[in-house]
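**Q** I'd like to go over a predicted model; first the sequence, then the structure.
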Amino acid sequence: MKSDKQAEVVLIGINGYGESYLRLLLERTDASLIGVVEIAAEKSSFFGVLQERSIPIYKSIEAFYENHSADLAIISTPIHLHTKQAIYAMEQGSHVLCEKPLTGDPSDLPLWKKASEKNGKWAAVGFNWSFTESIQSLKKDIIAGVFGKAIQLKTLVLWPRTEDYFNRSTWAGKKYSPDGTLIMDSIANNATAHFLHNMFYMLGDRMETSAPVKDVEAQLYRVNEIETFDTCVVNMQTEKGTELLFLASHAVEKSEGPIFHYEFEKGVITFNSEDEQPSMRAEFHDGTKKDYGNPHVPHVDKLNWCLRAIHDSEATPPCDYSTAAVHVQVLGELNAQLDLVKEFPEELKRFDSATKLHYVENVREVLTDSYQKGTVPSQPF
């Protein structure tokens, strides 16, 4: 059933990434921002606009729901708050769009399922690529058997991050929050999480599922003074036998990626965000080609999808808590290995004092070579 009624939205967290949602919502005609939840709203560059428009500001999600109801609650807060806030919003009658990652704690997953089913509300998770037309089109072809059996999916992301990145909040790079809630913030759980999740999502047997993964083996490293890791080599296998290889690092001097190479029995799909005109390109063994477009663009798709789904039951978001669960489970496997995180050799460490960037001399070369060969590095750093 469809309706032209404006969706009433509450935005929980307006600083950091939440500001991108705030900017979009202030311009929408199909949604009404009826309130925001933020403990430091005065720090927002939109604070004056909120006051001018008389949009109420609350310090807590509980205070908002004491005064309002909402069709959609958008949660853009620190990782360790996601589960509690999402469940509370569903209990109050709201659908949820929660930023990735879903949670840092795999034991939270049954709580999301129970809250969603009990209250009859969906909980979408903001893995950007999953909502794009290009990814949706490609996945439909994969499910339809156009590419045949998946053989190996591999992804490389080299994104430098400075000290300011890790000092931007009290939870960046941390294992736990002050109250003991798991955060497990790392390169695989945050900045590059979209591209790790995408491998699971593309191999899901339905549009709203991800492929179960087993045999998670990892090499984890750090150059920054954090509690988790800023560089990873993760080799996995789906339950159907497809190999997955994920290589990512913040310990590099220059940005590159995401880049991926998805190999199937009938052809390959490649993507390189560094191309002049980035696009997912399929090349089949019979010589035919197909261009699926660029998923790596500024995204409003997840918001668009969720606003449609509020009034149209056929527009259910393609990535919800159950779709994102595989990512949480894999991160649980990695986080169980945090005691094995290795420090890079001192002789390879470098520091750019102008940008406050810590990087390692040969990380780019080692990970690029590993990606090209489709294997884990033959020698450790």
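**A** Here it is on my side, so go on. Keep in mind that this is a model prediction, so the values were computed, not measured.
**Q** surely F264 touches G145?
**A** No. F264 is beyond contact range of G145, at 9.8 Å (criterion: Cβ atoms under 8 Å). Bear in mind the C-beta positions are built from the backbone N, C-alpha and C, glycine included.
**Q** neighbour count: those two, which is higher?
**A** F264 (21 against 10; other Cβ atoms under 10 Å).
**Q** now the more buried one: closest residue in space that isn't a chain neighbour?
**A** F147 (3.7 Å; Cβ to Cβ, 6 or more residues apart in numbering).
**Q** same deal with Q92?
**A** Distances taken as Cβ to Cβ, 6+ apart put Y65 closest to Q92, at 4.5 Å, once the chain neighbours are dropped.
**Q** just the C-alphas of whatever helix or strand that neighbour lives in, formatted as CSV.
**A** Here Y65, judged by DSSP states H and E, is contained in helix 61-67. Extracted as CSV, the C-alpha positions of helix 61-67 are listed here (Å, rounded to 0.1, in the frame of the first residue of the first chain):
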residue,chain,number,x,y,z
ILE,A,61,15.9,9.2,22.9
GLU,A,62,13.6,8.6,25.9
ALA,A,63,12.8,12.3,26.2
PHE,A,64,11.9,12.5,22.5
TYR,A,65,9.4,9.7,22.7
GLU,A,66,7.8,11.1,25.8
ASN,A,67,6.6,13.9,23.6
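**Q** contacting residues around H82?
**A** H82 sits next to I75, C98, E99, P101, L102, T103 when contact means Cβ atoms under 8 Å, 6 or more residues apart in numbering.
**Q** where do the helices sit along this protein?
**A** Remark: helices assigned in the chain by DSSP state H are 18-25, 47-52, 61-67, 82-91, 109-119, 133-143, 163-166, 193-202, 301-311, 325-335, 363-373.
**Q** out of those helices, deepest packed?
**A** Looking across those with neighbours counted as mean count of other Cβ atoms under 10 Å, the highest average goes to helix 193-202: a mean of 24.
**Q** residue at max distance from the center of the protein?
**A** Computed with Cα atoms, centre = their mean, the residue of the chain farthest from its C-alpha average is D286, at 34.6 Å.
**Q** distance of it relative to D320?
**A** 36 Å (Cβ to Cβ, to the nearest Å).
**Q** same check on M280?
**A** For M280, the distance to D320 - Cβ to Cβ - is 23 Å.
**Q** same question, T270
**A** Distance of T270 to D320, computed by Cβ to Cβ: 28 Å.
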